[in-house]
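Engineer: Provide a 3D model corresponding to the input given below.
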Amino acid sequence: MKKLLIPIALLLLVAVGCNRTKSPSNEVDVEPYTLTDSIFIESEFGDDYSYYTMNIDLPVTDNDTLRQNILQWILSDETEDYETYFQEDMSRFFAEEGNEPNSYFEGSYFLSEQTDLYVTYIAEGYVYTGGAHPMPWYYGTTFSKTDGSIIGYDLFDDPEQLIGIVSETIQKQYFEPNNTEEEEYLFEPDETFQLPTNEPWIETDSVVFCYGPFEIAPYAAGMPLCKIALADLKPYLSEKGKSFFNTVQP
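Structural biologist: Residues are numbered from 1 along each chain as shown. Predicted coordinates:
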């Protein structure tokens with residue numbers, strides 16, 4: 001019996017040692033956080049409530065650099081205190097923008113998808129403070145699980161070379177199904193067409209390019225968006241993009 005105890009003890013030590021040296025997991029779980037409130041306002045325009053709602057998928061992961069970078073993207077470089085950050089933002093909204101009846105602010109940050117290599121978050125929402133319509137937003141951000149960095153235009157050697165393929169694709173995927181002979185959506189002709197201000201993001205095997213309201217077209221066109229397959233973007237990739245592309249698409 002004593003002879004058996006020594007091998008068992010050694011196995012236990014090896015197991016403990018393996019657990020201690022195991023690298024942190026890059027898997028990102030989420031912890032939902034919601035902040036919602038309203039205030040009653042009376043003014044010359046009437047009386048009603050002003051509303052504020054924020055929903056967040058807070059990142060939970062052993063990869064602390066990744067977690068911090070996602071939080072900084074949601075909040076700012078100065079803080080990780082999301083409760084105080086959004087309480088202050090809500091107070092600012094009620095005092096400055098939402099200080100009239102029937103004002104609304106609704107936003108969310110949610111985990112869209114993840115692989116062993118990256119995690120993509122989407123931000124969306126709208127704000128209404130009077131006038132004909134609310135102002136919406138929608139954009140995504142992809143984070144590398146290797147170093148936590150944002151993967152965007154740096155996937156490409158010279159992003160300006162993408163103007164042609166983005167212009168062609170967005171007109172084909174977004175505008176042509178909605179267009180008529182009497183309507184011309186795009187503000188600018190092909191020779192002055194610009195890439196989106198927001199960084200592109202990765203969605204499955206595609207890169208998503210999304211424009212904000214009024215960026216290339218009138219409000220009625222919404223937020224024009226197109227998806228281009230990674231395979232079609234291969235000629236434009238930077239060294240970082242080639243490395244990532246070769247890993248995603250062997």
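Engineer: With adjacent residues omitted, what lies nearest to the most centrally placed residue in the chain?
Structural biologist: In the chain, the centroid-proximal residue (C-alpha atoms, centre = their mean) is Gly140; its distance is 2.8 Å. Distance criterion C-beta to C-beta, 6 or more residues apart in numbering; nearest residue to Gly140, sequence neighbours excluded, is Trp201 at 3.5 Å. C-beta: built from backbone N, CA, C; applies to glycine.
Engineer: what pairs with the helix or strand harbouring Ile41, and is each one parallel or antiparallel?
Structural biologist: Using DSSP states H and E, Ile41 sits in strand 29-43. Strand pairing for strand 29-43, determined by DSSP bridges: strand 46-60 (antiparallel).
Engineer: buried set for the strand it pairs with?
Structural biologist: Ser50, Tyr51, Tyr52, Thr53, Met54, Asn55, Ile56, Asp57, Leu58, Pro59 (16 or more other C-beta atoms under 10 Å).
Engineer: residues touching the third one, list them.
Structural biologist: So that's Tyr52. Applying C-beta atoms under 8 Å, 6 or more residues apart in numbering to Tyr52 gives the contacts Leu35, Thr36, Asp37, Ser38, Met90, Phe93, Phe94, Gly98, Tyr104, Phe105, Glu106.
Engineer: again, only this time at 7 Å
Structural biologist: Applying C-beta atoms under 7 Å, 6 or more residues apart in numbering to Tyr52 gives the contacts Thr36, Asp37, Met90, Phe93, Phe94, Gly98, Phe105.
Engineer: Of these - the most surrounded one?
Structural biologist: Most neighbours among the contacts of Tyr52, by other C-beta atoms under 10 Å: Gly98, with 25 neighbours.
Engineer: That residue touches Ser91, doesn't it?
Structural biologist: No. Using C-beta atoms under 7 Å, Gly98 is not in contact with Ser91, being 10.2 Å away.
Engineer: tell me the mean pLDDT over the strand holding Ile41?
Structural biologist: The pLDDT scores in strand 29-43 average 95.
Engineer: what about Gly130, distance to Ser167?
Structural biologist: Distance of Gly130 to Ser167, computed by C-beta to C-beta, to the nearest Å: 35 Å.
Engineer: who's more crowded, those two?
Structural biologist: For the pair Gly130 and Ser167, the greater number of neighbours falls to Ser167 (20 against 12), based on other C-beta under 10 Å.
Engineer: A helix includes the more buried one, no?
Structural biologist: Yes. The assignment for Ser167, made by DSSP: H, G, I helix; E, B strand; the rest coil, places it in a helix.
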